[in-house]
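**Student:** How does the following fold in three dimensions:
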Amino acid sequence: MSKKNTYKPKIEKIQEAQEPVSPYQGMEITFCNSFEEMNEVDAREMARLSPLQHLKNATTLIEAVYADALKIKQREFIIHFENHE
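**Tutor:** Numbers count the residues shown, from 1 in each chain. Modelled structure (predicted):
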């Protein structure tokens with residue numbers, strides 16, 4: 001008896017489009033019925049963040065607000081007072 005040739009079907013890789021990961025993934029919208037409820041929700045969200053994350057958020061906000069001023073490179077950091085007599 002001769003040995004049977006067995007053929008395995010080729011498994012083709014399925015090519016799927018990979019969407020970029022959204023930074024908003026996992027976030028949800030919360031609807032509040034009053035300002036008090038909104039403040040409570042905000043306080044809970046802030047309590048979930050670590051102190052390091054609070055500092056990173058504050059630094060990012062400062063850099064965004066003062067972006068124009070931070071572009072100017074100052075050579076002197078000395079404050080000169082004028083004498084008004």
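**Student:** counting contacts, what elements does the strand or helix carrying residue 59 pack onto?
**Tutor:** Assigned by DSSP states H and E, residue 59 falls within helix 51-65. On a contact count with 3 or more C-beta pairs under 8 Å, 6 or more residues apart in numbering; DSSP states H and E, helix 51-65 meets no helix or strand. Every residue, glycine included, has its C-beta placed from N, CA and C.
**Student:** Look at residue 27 and report its pLDDT.
**Tutor:** For residue 27, the pLDDT comes out at 74.
**Student:** contacts for the helix holding residue 59?
**Tutor:** 46, 49, 70 (C-beta atoms under 8 Å, 6 or more residues apart in numbering).
**Student:** Average pLDDT for it, rounded please.
**Tutor:** Taken as a whole, helix 51-65 carries a mean pLDDT of 91.
**Student:** following it, which helix or strand shows up next?
**Tutor:** Using DSSP H and E, the first helix or strand after helix 51-65 is helix 67-71.
**Student:** from the contacts of helix 51-65, which is closest to residue 24?
**Tutor:** Checking the contacts of helix 51-65 against residue 24 by C-beta to C-beta gives residue 49 as the nearest, at 16.6 Å.
**Student:** Enumerate every residue touching the closest one.
**Tutor:** With C-beta under 8 Å, 6+ apart, residue 49 has these contacts: residue 57.
**Student:** Try it again at 10 Å.
**Tutor:** When contacts are counted by C-beta atoms under 10 Å, 6 or more residues apart in numbering, residue 49 is found next to 55-57.
**Student:** and which of these is nearest residue 41?
**Tutor:** Proximity of the contacts of residue 49 to residue 41 (C-beta to C-beta) peaks at residue 57, which lies at 17.3 Å.
**Student:** measure that closest one to residue 18 for me?
**Tutor:** Residue 57 sits 29 Å away from residue 18, going by C-beta to C-beta, to the nearest Å.
**Student:** more neighbours, those two?
**Tutor:** Taking neighbours as other C-beta atoms under 10 Å, residue 57 and residue 18 compare with residue 57 leading, 12 against 6.
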